[in-house]
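**Student:** Sequence isn't available, so here's the structure alone:
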């Protein structure tokens with residue numbers, strides 16, 4: 001089974017690439033979605049966050065809910081706090097990712113995708129056979145991100161600062177998918193590389 005890592009800094013088009021792979025019937029592990037599920041439903045994690053950051057918890061219908069905006073502000077403003085939340089969340093994400101890979105291998109999928117924004121930061125790139133890096137110009141990136149609800153230039157800069165630069169990621173020699181020329185070109189580029197990977201798989205059988 002071939003593991004394809006999908007990554008890119010905020011606003012670079014990573015999600016679009018993941019959707020194209022999903023369109024190709026390639027199973028995708030979405031790290032962001034898994035984090036959201038954990039923060040919304042994992043009582044143990046909610047309690048741990050409550051003990052460290054009680055101001056980030058509120059009650060709704062007698063259920064304790066994490067205020068993700070408040071938690072995000074704390075994380076992006078303090079490196080030590082960011083490391084604390086990563087130590088809480090990352091082990092669970094790693095476990096879920098490993099279960100996903102085991103299940104897909106058992107189901108005999110030839111290709112699977114790992115949609116992980118912090119692919120290089122968490123060293124998950126080391127288990128990938130190929131990496132698709134979503135990339136675009138800084139101006140395109142900024143335009144996309146600032147259109148998001150609740151996004152400000154200050155928040156964008158803080159998120160960017162907490163991720164490895166696009167320049168660094170390019171130096172790791174991934175397959176670079178330029179997403180700044182529209183979704184059609186992005187679609188064609190991704191499909192081309194998927195065909196190429198499948199071709200190599202056929203040769204190496």
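**Tutor:** The structure has been received and is ready for your questions. Treat the numbers as computed from the prediction; the structure is a model and nothing was measured.
**Student:** Roughly how far does residue 151 sit from residue 60?
**Tutor:** 24 Å (C-beta to C-beta, to the nearest Å). All C-beta spots, glycine's among them, are computed from the backbone N, C-alpha and C.
**Student:** Same check on residue 196?
**Tutor:** Counting by C-beta to C-beta, the gap from residue 196 to residue 60 is 49 Å.
**Student:** Give me the more crowded residue out of these two.
**Tutor:** residue 196 (12 against 7; other C-beta atoms under 10 Å).
**Student:** element containing that one, please.
**Tutor:** helix 183-203 (DSSP states H and E).
**Student:** Give me the buried positions along that helix.
**Tutor:** For helix 183-203, the neighbour count (16 or more other C-beta atoms under 10 Å) marks 186, 189, 190, 193, 194, 197 as buried.
**Student:** Need these in JSON lines (columns: distance to residue 75).
**Tutor:** Below are these laid out as JSON lines (distance: C-beta to C-beta, whole Å):
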{"residue": "186", "distance to residue 75": "30"}
{"residue": "189", "distance to residue 75": "33"}
{"residue": "190", "distance to residue 75": "31"}
{"residue": "193", "distance to residue 75": "33"}
{"residue": "194", "distance to residue 75": "34"}
{"residue": "197", "distance to residue 75": "35"}
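**Student:** Do a quick rundown of the strands in this structure.
**Tutor:** For the chain, applying DSSP state E gives strands covering 2-7, 28-30, 57-60, 63-66, 111-115, 130-135, 175-178.
**Student:** need those in TSV with mean pLDDT, can you?
**Tutor:** Shown next, in TSV, are the strands of the chain (pLDDT from 0 to 100):
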stretch	mean pLDDT
strand 2-7	97
strand 28-30	97
strand 57-60	90
strand 63-66	92
strand 111-115	97
strand 130-135	96
strand 175-178	96
